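> No letters, just coordinates:
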Ligand SMILES: NC(=O)C1=CN([C@@H]2O[C@H](COP(=O)(O)OP(=O)(O)OC[C@H]3O[C@@H](n4cnc5c(N)ncnc54)[C@H](O)[C@@H]3O)[C@@H](O)[C@H]2O)C=CC1
Ligand SMILES: O=C(O)CCC(=O)C(=O)O
């Protein structure tokens, strides 16, 4: 039974796919400290969080069975991504499910800021009928600066247009063409801070975006600007903002997120008359919480069941067209890697992969990850090796990975050839997908063969002489090892050759040792795929 720990409040309805799965047990334990999580995480295969749980290196190190951390939301700044990648823990998020909700919260904050709604509400319920202190401003005809024109920023820009605002957008990935289509003027950070009446930030928190709006920007800012942050605390320097408000540069601010969450009780934003705050509620709607929980549950289910998945944050995304082309080869790639790792002796120092035919015109990096996974799983802790960690693990173990491409595929429409080098020598194998017949290994070292990459294989190196097949068959027969299929491959008559047998169950080690003693037989290796 696979076990999933949910350590933050996540929608029950959204988790239903996981709770309904017969092979999965879901346990909810929220509000745990780091020590408490460290103590129990070893029992679980997956951890699901929102933004409260900080998934630290200690927690990941204690998660011996942990395969995936699922973030029901966008930002993964509460997860130690480097530590997860090193341990082969896949981190997935749900980037689309809360876009509209967060965009709407941004608008709610913008309007509340423009019309002083929280301040006016407080006075009214206190019994003070004050109609003079809360003169607001319209959004119409105002300039809105949007820093970060990704999913949420773009939706904010779209709605701002409907309010009659002029939008200036800045994003390193916003092209003139896309900006024009959205009716957004492309600007720089500098233009936005000098021209906008309202400014909203929608970037992740990175080294580059940390304090991207700070004292130097406030010093040249258009007077009377109103600022909204529903993205991440730390993008705007909180103390510099407070000073800019007190100096009359900024007219007011609306913050959903803080550099430290929750903010300390004496944080100046909590009592400032021109600052309105919410407790990180950007994504808190019934719809968004269901959406993100559904998305993340689906992906966690795929990962736990060894199926293809999307939205891995600690691995580059595979474009859908590339995935469609490569996916049929993932299993063959893993098997080829595993086959060679079992065949080779000694520490591997180089892996060479060559993709030919149909595979020569796509980015095959994801497939290389699978091949490396197959190779490394034989030598390393299987729990740690997967497509997320395989490149990193290869590098840290001094394995050089070389890939090549060629259009010629030796008569096949597609061919994956893998060679691994160790100090003892090198071995290679090539595989293909035969239309209608599935995967085949078609070459082992220099010998052409035709073997489905599955089950138990016996690889016997021998001299090409009459009588060998009989001797091998007899020895296996008397030891009750049933041969399902057999192939022999040779380059020249009377030269070295290989015999590949598929057998119904693994042969005992004593039988393999006996085989090695047969005359004209140079080696016998058992391989399980
Ligand atoms: N308050 C809340 O509850 C929520 C907050 N968020 C946060 O909102 C932010 C945006 O989320 P999405 O739009 O979904 O992400 P996204 O990835 O679609 O968009 C972020 C954009 O920021 C841009 N960017 C990166 N560095 C930049 C820079 N230096 N200057 C300008 N733009 C830059 C990127 O190119 C990207 O287009 C994230 O920080 C996310 O964690 C998201 C959901 C809920
Ligand atoms: O889970 C939450 O409510 C926080 C959402 C958020 O900040 C995000 O998705 O980045």
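Arrived safely, thanks for sending. Nothing here was measured: the structure is a model prediction, and the numbers come from that model. Ligands and ions are numbered 1, 2, ... in the order given.

> residues near the closest residue to residue 491 other than its chain neighbours, how many?
Leaving out its chain neighbours, the residue that sits closest to residue 491 by C-beta to C-beta, 6 or more residues apart in numbering is residue 446, at 5.4 Å. All C-beta atoms are positioned from the backbone trio N, CA, C, and that covers glycine. By other C-beta atoms under 10 Å, the residues close to residue 446 number 12.

> Distance of residue 446 relative to ligand 2?
Per C-beta to the nearest ligand atom, to the nearest Å, residue 446 is found 54 Å from ligand 2.

> cool, residue 260 as well?
Between residue 260 and ligand 2 the distance is 15 Å, computed by C-beta to the nearest ligand atom.

> That residue: what's its closest spatial neighbour, skipping adjacent residues?
residue 233 (7.1 Å).

> Repeat that for residue 150.
residue 202 (6.4 Å).

> residues contacting the nearest residue in space to residue 285 that is not next to it in sequence?
Spatial nearest neighbour of residue 285, chain neighbours left out: residue 101 (4.4 Å); criterion: C-beta to C-beta, 6+ apart. The contact partners of residue 101, by C-beta atoms under 8 Å, 6 or more residues apart in numbering, come to 282-285, 287-288.

> the strands in the stretch 201-350 of the chain, which residues?
225-229, 250-255, 275-277, 348-357 (DSSP state E, counting those that start in this stretch).

> ok, now how distant is residue 288 from ligand 2?
Counting by C-beta to the nearest ligand atom, the gap from residue 288 to ligand 2 is 8 Å.

> Export the strands of the stretch 201-350 of the chain to a markdown table and append columns for mean neighbour count.
Below are the strands of the stretch 201-350 of the chain laid out as a markdown table (neighbours: other C-beta atoms under 10 Å):
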| stretch | mean neighbour count |
| --- | --- |
| strand 225-229 | 25 |
| strand 250-255 | 23 |
| strand 275-277 | 21 |
| strand 348-357 | 20 |
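
> what's the closest of the ones you listed to ligand 1?
Minimum separation from ligand 1 across the strands of the stretch 201-350 of the chain (C-beta to the nearest ligand atom) falls at strand 225-229, 8.5 Å.

> Touching the closest one from outside, list them.
So strand 225-229 is contacted by 106, 109-110, 113-114, 137, 193, 196-201, 213, 235-236, 241, 249-257 (C-beta under 8 Å, 6+ apart).

> about what we covered before: hang on, the residue nearest to residue 150 packs against residue 148?
Yes: counting by C-beta atoms under 8 Å, residue 148 is a contact partner of residue 202 at 3.7 Å.

> Could you pull out the residues contacting both of the two?
Common neighbours of residue 202 and residue 148, using C-beta under 8 Å, 6+ apart, are residue 231.

> Of those two, give the one with the bigger neighbour count.
Neighbours were counted for residue 202 and for residue 148 using other C-beta under 10 Å; residue 202 has more, 28 against 24.

> what are the phi and psi angles of the more buried one?
phi -140, psi 50 (degrees, to the nearest 10).

> what do you get for residue 231?
Residue torsions, per degrees, to the nearest 10, at residue 231 are phi -110, psi -80.

> State the distance from it to residue 245.
19 Å (C-beta to C-beta, to the nearest Å).

> Which one's more surrounded, the two?
It is residue 231, of residue 231 and residue 245, that has more neighbours when counted by other C-beta under 10 Å, with 27 against 21.

> What distance do you get for the residue of the stretch 151-300 of the chain found nearest ligand 1 to residue 93?
Using C-beta to the nearest ligand atom, the closest approach of the stretch 151-300 of the chain to ligand 1 is made by residue 282 at 2.4 Å. The gap separating residue 282 from residue 93 is 15 Å, by C-beta to C-beta.

> Alongside ligand 1, which residues does the stretch 51-200 of the chain contribute?
Contact residues, the stretch 51-200 of the chain versus ligand 1 (C-beta under 6 Å from any ligand atom): 73-75, 95, 98-99, 102, 147-153, 170-173.

> and the residues you listed, which of them are in strands?
Under the assignment DSSP state E, these contribute 147, 170 to strands.

> Filter the residues of the stretch 51-200 of the chain next to ligand 1 down to the buried ones.
For those, a neighbour count by 16 or more other C-beta atoms under 10 Å gives the buried set as 73-75, 95, 98-99, 102, 147-153, 170-171.

> out of those residues, what pair is the most spread apart?
73 and 170 (24.0 Å; C-beta to C-beta).

> Can you give me every residue that contacts the closest residue to the residue of the stretch 151-300 of the chain closest to ligand 1 other than its chain neighbours?
Nearest residue to residue 282 in three dimensions, chain neighbours excluded: residue 102, at 4.1 Å (C-beta to C-beta, 6+ apart). If you count contacts by C-beta under 8 Å, 6+ apart, residue 102 has them with 152, 230, 282-283, 288.

> ok, the residues you listed vs ligand 2, which is closest?
Nearest to ligand 2 among the contacts of residue 102 is residue 283, at 3.7 Å by C-beta to the nearest ligand atom.

> circling back: and residue 329, which of the strands of the stretch 201-350 of the chain is closest to it?
strand 348-357 (9.1 Å).

> Mind telling me what element the residue in the stretch 351-500 of the chain that ligand 2 sits nearest to is part of?
Closest residue of the stretch 351-500 of the chain to ligand 2, C-beta to the nearest ligand atom: residue 388 (20.8 Å). Taking DSSP states H and E as the definition, one finds residue 388 inside no helix or strand.

> residues near it, how many?
Neighbours of residue 388 (other C-beta under 10 Å): 25.

> Okay, it and residue 340: tell me how far apart.
Distance check for residue 388 against residue 340: by C-beta to C-beta, it reads 21 Å.

> In contact with the closest residue in space to residue 356 that isn't next to it in sequence, which residues?
Nearest-residue entry for residue 356: residue 409, 3.8 Å, with adjacent residues in sequence omitted and distances by C-beta to C-beta, 6+ apart. Residues in contact with residue 409 (C-beta under 8 Å, 6+ apart) are 356-358, 415, 432.

> try 10 Å
Residues in contact with residue 409 (C-beta atoms under 10 Å, 6 or more residues apart in numbering) are 354-360, 415-417, 430, 432.

> Repeat that for residue 351.
Each residue near residue 351 by C-beta under 10 Å, 6+ apart is listed here: 337, 340-341, 368, 371-372, 375-376, 394, 399-403, 418-421.

> what does the stretch 251-400 of the chain put close to ligand 2?
With C-beta under 6 Å from any ligand atom as the criterion, the stretch 251-400 of the chain meets ligand 2 at residues 280, 282-284.

> Neighbour-wise, give me the winner out of those residues.
residue 282 leads those on contacts (other C-beta under 10 Å) with 27 neighbours.

> And residue 177, what's its pLDDT?
We have a pLDDT of 84 for residue 177.

> quick revisit: write a PyMOL command that selects only the buried members of the contacts of strand 225-229.
To isolate the buried ones among the contacts of strand 225-229 in PyMOL, judged by 16+ other C-beta under 10 Å, type:
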select buried, resi 106+109+110+113+114+137+193+196+197+198+199+200+201+213+235+236+241+249+250+251+252+253+254+255+256+257
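
> Next, check the contacts of strand 225-229 against the helices and list the overlap.
Counting by DSSP state H, the contacts of strand 225-229 place 106, 109-110, 113-114, 193, 241 in helices.

> could those go into JSON lines alongside pLDDT?
Below are the ones in helices among the contacts of strand 225-229 laid out as JSON lines (pLDDT from 0 to 100):
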{"residue": "106", "pLDDT": "98"}
{"residue": "109", "pLDDT": "98"}
{"residue": "110", "pLDDT": "98"}
{"residue": "113", "pLDDT": "98"}
{"residue": "114", "pLDDT": "98"}
{"residue": "193", "pLDDT": "98"}
{"residue": "241", "pLDDT": "98"}
